[in-house]
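Colleague: Give me a 3D structure for the following:
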Amino acid sequence: MNWLNKQRRGLALSWGRARLRGKRRAQRLKPGATRWARRVRFAVFSLLILIVAGFSTVAYFAYTLPLADDFGAPESQASITLLSRDDEIFAMRGYFDAEILSLDDIPRHLVQAVLAIEDRRFYRHFGIDPIGMGRAAVVNLLAGKVRQGGSTITQQLAKMMFLSRERTFKRKIQEVILALWLENNLSKDEILVRYLNKVYLGAGAYGIDGAAQRYFNKSARGLTLAESAMMAGLIRAPSYLAPTRNLQAARARARLVLKSMVDAYFIDNLTADAARVDRITLAVNPNTQITKGSQYFADWIAAETRAVLGPFSADLTVETTMHLGLQKLAEGTLRHWLETEGPNRNVTQGGMIVLSHNGEVLAMVGGKDYDASQFNRATQARRQPGSLFKLFVYLAAFDAGLTPDSVMSDQPLQVDNWTPQNYGGEYRGEVTLRTAFADSINSVAVQLTEKVGRGRVVGAARSLGIRSPLKAHPSLALGTSEVTLMEMTAAYAAMAADVKKITPFGVRAIRGTGRQLYEHRVKKTPRSQATLPWKRDEMIDLLVNTVDQGTGKAARLSAPVAGKTGTTQDYRDAWFIGFTNDIIVGIWLGNDDNAPMDRVSGGDLPARIWRDYITSAYRLDGATPKRQELLAGMQPIPEPDLTGVTPANTDETGVTGIRKWLRSFID
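Modeller: Numbering: from 1, shown residues only. Okay, the predicted model is just below:
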């Protein structure tokens with residue numbers, strides 16, 4: 001124990017002497033020197049922490065890099081080229097990868113154009129270019145906006161191959177790490193050729209050969225200097241500069257690329273001037289291409305192609321039923337009415353479908369502005385058809401033995417605690433079915449449905465192609481179940497063509513590489529089996545009378561027209577579907593938010609749009625002599641008074657002659 005106490009006293013004495021020496025040393029140092037020493041120690045310690053933190057951060061970013069074992073060329077994805085019935089390209093869909101080219105296959109001036117505008121020092125830097133980054137920073141600072149980018153081709157390739165599009169510090173660090181890694185594992189030529197085969201160039205085109213096929217319908221091997229300059233210019237903003245969308249901007253960018261090539265001593269001024277960017281011809285010329293509304297048709301065709309073939313991996317060419325003239329006219333007509341009448345009547349949207357008698361979709365407009373909304377109101381939107389649905393009610397009634405001259409009482413009634421209302425709240429007493437249909441009397445339609453049975457009405461709708469859910473409610477007769485414009489137009493087309501059912505189609509044929517994969521064939525069915533099983537003559541009688549003397553008077557022409565109007569509660573939907581001897585046109589107007597329009601009925605704007613379209617359609621260039629002779633002098637009848645509905649005239653003398661004339665051409 002004595003020994004332990006002695007050791008403790010010795011340690012205490014040593015510690016006290018050390019403290020005394022430290023105090024004396026501190027007293028000898030000046031106050032400034034003490035602070036300086038502390039700062040040095042703090043700086044060294046902070047630097048060590050930063051080094052460790054930086055190394056740890058870089059190590060973490062490197063460890064979490066999304067590297068793949070195979071960083072070769074991307075797997076090709078299929079593309080679809082769409083042709084009109086006149087074999088003119090009007091749209092393309094999918095991804096255009098085309099052929100993976102070697103550096104020897106790529107024109108020298110295309111490589112030079114890309115280097116000049118994207119990374120002039122590519123063969124002199126080590127993956128990142130401090131000089132280029134500094135130059136870009138100065139240019140952007142002086143310009144007050146981003147005019148140049150600092151990323152090298154190697155960095156861009158790293159981003160395209162491995163990284164997401166998010167703009168974060170982590171992704172930028174990983175981009176630099178990957179660029180250095182690529183430079184260490186690949187030669188400059190290998191980096192460049194991978195970049196050229198992968199870069200996105202707009203309009204669904206990936207790689208220079210895919211873009212060459214997309215924009216110029218040829219291999220990248222054959223690109224001219226001007227075309228190469230345009231392609232190189234797309235890299236910076238491919239979606240905006242795509243020549244199919246913004247040809248003038250693409251040309252301006254191509255001129256800038258040519259100037260950059262001159263500055264980089266790749267070409268001289270005479271060569272640049274001779275390139276003539278303004279004479280570049282595209283596979284789909286934006287100056288003659290139909291308006292953007294055709295993209296609704298293109299989207300529908302792309303979906304139809306997948307439905308026909310299932311999943312596919314080869315590039316396809318699809319021959320469609322689109323009639324370019326009718327399509328352009330449909331877009332222009334609908335847009336004109338929406339822009340001129342829409343603001344005053346609170347109408348913001350519309351849809352239109354044009355069918356032939358065999359079901360070919362000749363034109364389709366899915367909305368006012370494709371760029372603003374790609375939702376197709378012609379094929380996707382389900383809306384209440386209103387009185388347009390009465391077609392099926394009256395077909396079921398005629399099938400049950402009634403005729404157009406059968407008499408019903410227009411009077412108030414109640415069905416299952418529900419009371420239907422006529423437009424205007426008026427009742428006329430006894431009327432013929434012809435008059436009730438022409439003037440769209442609701443009470444008669446409900447009585448007919450209850451008389452023949454709701455199931456029979458639903459059956460009539462189903463037999464003519466209505467696939468949307470139909471509720472067997474008493475209001476079924478008034479079109480309260482939602483349907484699509486395509487379904488309703490096809491049902492009326494079956495009436496026009498006198499066939500059991502019309503299935504609209506837009507794909508005529510599909511071709512792969514060197515062979516035909518599909519061809520639409522009309523099934524040959526005996527006439528006795530193909531003919532419409534319903535009382536067609538009676539229905540044609542009513543449809544012609546509706547336009548001649550009923551709610552569809554705004555669609556009247558000097559030639560015979562058959563059709564029907566449809567209006568829903570509070571004017572939320574307005575329809576008109578009508579047909580002549582060779583085409584059927586369906587029109588819907590309304591608002592996407594289901595807001596009421598300003599008293600727009602089916603017999604108002606839709607019928608007037610229909611008449612405007614038809615009178616112009618028959619004057620298109622390329623009309624056959626038979627059609628020109630048949631419809632020579634077709635003129636709209638003076639605008640009818642739409643303030644009220646005139647009861648149908650029971651004297652059929654004049655109407656019967658027109659009705660027979662129409663049927664003679666349809667039959």
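
Colleague: the strands in this structure, which residues?
Modeller: Chain-ordered strands for the chain, with DSSP state E as the definition, fall at 79-83, 89-94, 316-320, 349-356, 361-365, 407-410, 429-432, 507-511, 516-519, 562-567, 573-579, 583-590.

Colleague: And these, which one averages the lowest pLDDT?
Modeller: Within the strands of the chain, the least confident segment by mean pLDDT turns out to be strand 89-94, at a mean of 78.

Colleague: quick one: that strand to chain centroid distance?
Modeller: Averaging C-alpha positions (CA atoms, centre = their mean, to the nearest Å) puts strand 89-94 12 Å from its chain's average.

Colleague: Give the pairing partners of that strand; include direction for each.
Modeller: If you go by DSSP bridges, strand 89-94 pairs up with strand 79-83 (antiparallel).

Colleague: do you know how far Trp418 is from Gly479?
Modeller: 15 Å (CB to CB, to the nearest Å). C-betas here are computed from N, CA, C, even on glycine.

Colleague: so which of the strands of the chain comes closest to Val547?
Modeller: Within those, the stretch nearest Val547 is strand 562-567; the backing value is 5.1 Å (CB to CB).

Colleague: Can you tell me the closest non-neighbouring residue to Ala302?
Modeller: On the basis of CB to CB, 6 or more residues apart in numbering, the spatially nearest residue to Ala302 that is not a chain neighbour turns out to be Arg93, at 4.4 Å.

Colleague: Can you report how many residues lie near the one you found?
Modeller: Taking other CB atoms under 10 Å as the neighbour definition, Arg93 ends up with a count of 21.

Colleague: tell me the contacts of it?
Modeller: Arg93 sits next to 79-80, 82, 204, 298-299, 301-302 when contact means CB atoms under 8 Å, 6 or more residues apart in numbering.

Colleague: Quickly list what it is bridged to.
Modeller: For Arg93, the beta-bridge partners under DSSP bridges are Ile80.

Colleague: Please apply the same query to Ile353.
Modeller: Listed by DSSP bridges, the beta-bridge partners for Ile353 are Met364, Gly586.

Colleague: and Trp418 and Gly479? which has more neighbours close in?
Modeller: Set side by side, Trp418 and Gly479 show more neighbours around Gly479, with 26 against 11, by other CB under 10 Å.

Colleague: Give me the phi and psi angles of that one.
Modeller: Dihedral angles phi and psi of Gly479 (degrees, to the nearest 10) take the values phi 70, psi 50.

Colleague: Spatially central residue for the chain, please.
Modeller: Taking CA atoms, centre = their mean, the centroid of the chain lies closest to Gln374, which sits 4.1 Å from it.

Colleague: What residue, apart from its backbone neighbours, is nearest it spatially?
Modeller: Asp299 (6.7 Å).

Colleague: how much space between the one you found and Asn376?
Modeller: The gap separating Asp299 from Asn376 is 7 Å, by CB to CB.

Colleague: any residues in contact with both of these two?
Modeller: Gly366.

Colleague: burial of Ala283, as a residue count?
Modeller: Taking other CB under 10 Å as the criterion, the count of residues near Ala283 is 16.

Colleague: contacting residues around it?
Modeller: Applying CB under 8 Å, 6+ apart, we find Ala283 in contact with 89, 214-217.

Colleague: For the residues you listed, pick the one with the most neighbours.
Modeller: Among the contacts of Ala283, Tyr215 has more neighbours than the rest - 28 neighbours, counting by other CB under 10 Å.

Colleague: Contact partners for the residue nearest to Gln374?
Modeller: With CB under 8 Å, 6+ apart as the criterion, the residues that contact Asp299 are 93, 366, 374, 376.

Colleague: Which members of these define the maximum pairwise distance?
Modeller: Farthest pair in those (CB to CB) is Arg93 and Gly366. Separation: 15.2 Å.

Colleague: which residues sit in contact with Met230?
Modeller: Per CB under 8 Å, 6+ apart, neighbours of Met230: 215, 243, 250-251, 253-254, 257, 277, 280.

Colleague: taking the residues you listed one by one, which sit in helices?
Modeller: Cross-referencing the contacts of Met230 against helices under DSSP state H gives 215, 250-251, 253-254, 257.

Colleague: Relative to Leu413, how far out is Glu430?
Modeller: According to CB to CB, Glu430 stands 14 Å off from Leu413.

Colleague: Check the spacing between Ala254 and Arg108 real quick.
Modeller: 17 Å.

Colleague: which stretches of the stretch 151-300 of the chain form helices?
Modeller: In chain order, the stretch 151-300 of the chain shows helices spanning 153-162, 169-185, 188-198, 207-216, 225-233, 238-241, 247-263, 269-274, 294-309, with DSSP state H, counting those that start in this stretch as the criterion.

Colleague: any idea which of the ones you listed scores lowest on pLDDT?
Modeller: helix 169-185 (a mean of 72).

Colleague: Comparing Ala254 and Arg108, which shows the higher neighbour count?
Modeller: Of the pair Ala254 and Arg108, Ala254 is the one with more neighbours under other CB under 10 Å, namely 28 against 12.

Colleague: Please give me every residue in contact with that one.
Modeller: Contacts of Ala254 were listed using CB under 8 Å, 6+ apart, and they are 226, 229-230, 232-233, 277, 280.

Colleague: try Thr551
Modeller: Per CB under 8 Å, 6+ apart, neighbours of Thr551: 387, 438-440, 565, 601-603, 645.

Colleague: and the two most separated of the contacts of Met230?
Modeller: Tyr215 and Val257 (14.9 Å).
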